[in-house]
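J.: task: produce atomic coordinates for the following.
(2 chains)
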Amino acid sequence: MHETRAISVEKVLLYPPEKIWRTLTSGDLLAKWLMPNDFVAVVGHTFNFRTAPMGDWDGVVRCEVLACDPPKLLRYSWKGGADTNPAYGSRLDSTVTWTLTPIEGGTHLRMVHDGFVLPGNQFAYDAMKPGWGKILDSIARVTAEA
Amino acid sequence: MKTLADPTRRAVFERIAREGEIAATGLVRGSKVSQPAVSQHLRALRDAGLVTERRDGRHIHYRVAPKGLSPLIDWLGHYQAFWNERFVNLERLLKETE
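T.: Take a look at the predicted model:
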């Protein structure tokens, strides 16, 4: 089996979990800070995040809601990259998990993006490398316009 | 990364990455690939700087070179930057909707 890696970001926010939960689960709000989407907070719902296409990737992140326990836990799959391009070798088949823990005066928010496969995804990375800067730019632009 | 375009060579590389360190003889034993073919792939991986070798008597042990993993680390770095940036946006949005 392949070894997998995860990325995590956590932050204490001075807002109640309910308010943060809305930001994570309202499609309109999500579009403002993450990406345009058709998200609905229902387990089993499949949805997409959309960004600029690149190479053989159409710029669509395909997702499914895997867990939804308001306002504590949200998990969705995150599948992107160009699996149609054999040169990529492997695609990104990962999960994103949001955990909200109430603390005094706010919320501890934690995001874990798991499933970066070692070393297979190197080939996906290699092909995507020139594109990620563009993704970040375009997302920043979308966010600025929103 | 062209070095890894060959699927057999990639399999050899992934096996070394999984095992941590493995002798050439061990690689031959655990695969359907002939000894000369394995040797040839190992040479290519070594020349590309993807694996390093350690000689121990008659055996040569191989491990993935740190450089061989750097594309993955960069890839993770890009995603880390992506999410850090999203968090900043999220916090800004929360502030705006106070």
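J.: A:V65: which element?
T.: Secondary structure assignment for A:V65, by DSSP states H and E: strand A:60-69.
J.: can you pull the buried residues of that strand?
T.: In terms of neighbour count (16 or more other Cβ atoms under 10 Å in any protein chain shown), strand A:60-69 has its buried residues at A:V61, A:C63, A:V65, A:C68. (Each C-beta comes from the backbone N, C-alpha and C, glycine too.)
J.: what's in contact with it?
T.: Strand A:60-69 is contacted by residues A:25, A:35, A:39-51, A:73-80, A:95-97 when judged by Cβ atoms under 8 Å, 6 or more residues apart in numbering or on different chains.
J.: cutoff 6 Å now
T.: Identification of contacts with strand A:60-69 by Cβ atoms under 6 Å, 6 or more residues apart in numbering or on different chains yields A:41, A:43, A:45-50, A:73-80.
J.: parallel or antiparallel, which strands does it pair with?
T.: According to DSSP bridges, strand A:60-69 has the following sheet partners: strand A:46-50 (antiparallel), strand A:73-80 (antiparallel).
J.: JSON lines for those, including mean pLDDT?
T.: Listed next are the strands paired with strand A:60-69 as JSON lines, based on pLDDT from 0 to 100:
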{"stretch": "strand A:46-50", "mean pLDDT": "94"}
{"stretch": "strand A:73-80", "mean pLDDT": "94"}
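J.: out of those, deepest packed?
T.: Highest mean neighbour count among the strands paired with strand A:60-69 (mean count of other Cβ atoms under 10 Å in any protein chain shown): strand A:73-80, with a mean of 19.
J.: tell me how chain B divides into domains.
T.: B:1-64, B:68-98 (automatic domain parsing).
J.: how distant is the shortest one from the center of its chain?
T.: The gap between where domain B:68-98 is centred and where its chain is centred comes out at 24 Å by Cα atoms, centre = their mean, to the nearest Å.
J.: average pLDDT for it, rounded please.
T.: Averaged over domain B:68-98, pLDDT sits at 79.
J.: chain B: strands as residue ranges?
T.: Taking DSSP state E as the criterion, chain B carries its strands at B:21-23, B:51-56, B:59-64.
J.: quick one: contacts of the second one?
T.: When you say that, I think you mean strand B:51-56. By Cβ under 6 Å, 6+ apart, strand B:51-56 touches B:I16, B:L45, B:I60, B:H61, B:Y62, B:R63, B:V64, B:A65.
J.: repeat for the last one
T.: Applying Cβ under 6 Å, 6+ apart, the set of residues contacting strand B:59-64 from outside is B:I16, B:A17, B:E21, B:A23, B:A24, B:V51, B:T52, B:E53, B:R54.
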